[in-house]
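Student: got a predicted structure plus its sequence, pasted below:
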Amino acid sequence: MVFFETDAFDSSCLGDHSIGASGGVGTFAVQLAKYFGAEVTGVCSTTNLELVQSLGADKVIDYTKKDFTKSGETYDIIFDAVAKNSFPRCRSSLNQKGIYLSTVGSLPLFLQMLWTSKIGSKKAIFMMSLNRAEDLIFLKELIEAGRIKTVIDRTYPLSGTAEAHRYVEKGHAKGKVVITL
């Protein structure tokens with residue numbers, strides 16, 4: 001998870017807490033949140049603490065030792081990049097107008113989205129990539145300028161795609177897994 005804190009809450013910018021901060025999506029979330037000026041707290045396992053700190057996280061929580069939902073800290077945005085938590089579980093860790101973002105859609109999350117859009121100040125949102133050319137160009141420029149870096153855990157030849165898939169399914173990849181052609 002990546003948690004983002006912003007000086008003045010604005011749901012259009014990132015800033016808070018990221019769950020899955022060392023994974024393929026989380027490594028970019030941490031860096032992009034920092035690029036846009038957020039204070040970032042990343043959640044990952046013990047073996048990934050140093051990686052997430054090197055990506056710019058201001059704080060890192062080791063989920064094998066501490067449950068962030070019981071710490072009493074609150075965040076503007078909780079970005080669950082791996083769907084390991086739920087909006088109801090994270091709700092008490094959100095600031096008054098906080099937002100829980102997930103990249104994984106589910107019926108319970110969609111119901112929470114509908115419910116929170118009608119009542120309450122805390123919101124649940126499902127994020128989906130729109131694959132807009134201008135966004136990809138922006139990311140390319142940030143990478144070329146050295147503002148963000150890609151984290152590649154492993155590479156596999158095309159013939160090893162099934163093995164790569166099995167590795168990713170275990171949920172312990174650090175950054176991206178690449179298939180080479």
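Tutor: That came through, no problem.
Student: low-scoring stretches of the chain, by residue?
Tutor: Across the chain, the ranges flagged by pLDDT under 70 are 1-19, 109, 117-118, 128.
Student: need the helices for it, in chain order.
Tutor: Taking DSSP state H as the test, the helices found in the chain are 24-35, 49-54, 87-90, 107-118, 133-144, 161-169.
Student: and the lengthiest strand in the chain, what does it pack onto?
Tutor: In the chain, taking DSSP state E as the definition, the longest strand is strand 94-102. The contact analysis (3 or more Cβ pairs under 8 Å, 6 or more residues apart in numbering; DSSP states H and E) places strand 94-102 against strand 75-80, helix 87-90, strand 123-126. Glycine gets a C-beta too; all of them are placed from N, C-alpha and C.
Student: dump that strand to CSV, restricted to CA.
Tutor: In CSV, the C-alpha atoms belonging to strand 94-102 read as follows (Å, rounded to 0.1, in the frame of the first residue of the first chain):
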residue,chain,number,x,y,z
LEU,A,94,-8.6,7.6,6.4
ASN,A,95,-8.8,11.3,7.2
GLN,A,96,-12.3,12.8,7.3
LYS,A,97,-12.4,13.3,3.5
GLY,A,98,-10.1,10.4,2.7
ILE,A,99,-10.2,8.2,-0.3
TYR,A,100,-9.5,4.4,-0.5
LEU,A,101,-8.2,3.6,-4.0
SER,A,102,-8.0,0.0,-5.4
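Student: run me through the strand neighbours of that strand, direction for each.
Tutor: strand 75-80 (parallel), strand 123-126 (parallel) (DSSP bridges).
Student: which residues touch that strand?
Tutor: Contacts with strand 94-102, where a contact means Cβ atoms under 8 Å, 6 or more residues apart in numbering, come from 9, 11, 16, 74-80, 83, 87, 90-91, 109, 121-127.
Student: kindly report the same for stretch 108-120.
Tutor: With contacts defined as Cβ under 8 Å, 6+ apart, stretch 108-120 is touched by 86, 87, 88, 102, 122, 123, 124, 125, 126.
Student: switch to 7 Å and redo it
Tutor: The list of residues contacting stretch 108-120 from outside it, by Cβ atoms under 7 Å, 6 or more residues apart in numbering, reads 86, 87, 102, 122, 123, 124, 125, 126.
Student: name the nearest residue to the first one, sequence neighbours excluded.
Tutor: Spelled out, that is residue 86. Nearest non-adjacent residue to residue 86, counting by Cβ to Cβ, 6 or more residues apart in numbering: residue 108, 6.7 Å away.
Student: could you do residue 68 as well?
Tutor: That would be residue 61: by Cβ to Cβ, 6+ apart, it lies 5.1 Å from residue 68.
Student: now the residue sitting furthest away from the middle of the chain: how far from residue 179?
Tutor: Centroid-distance maximum for the chain: residue 159 at 30.0 Å, with Cα atoms, centre = their mean. Residue 159 sits 10 Å away from residue 179, going by Cβ to Cβ, to the nearest Å.
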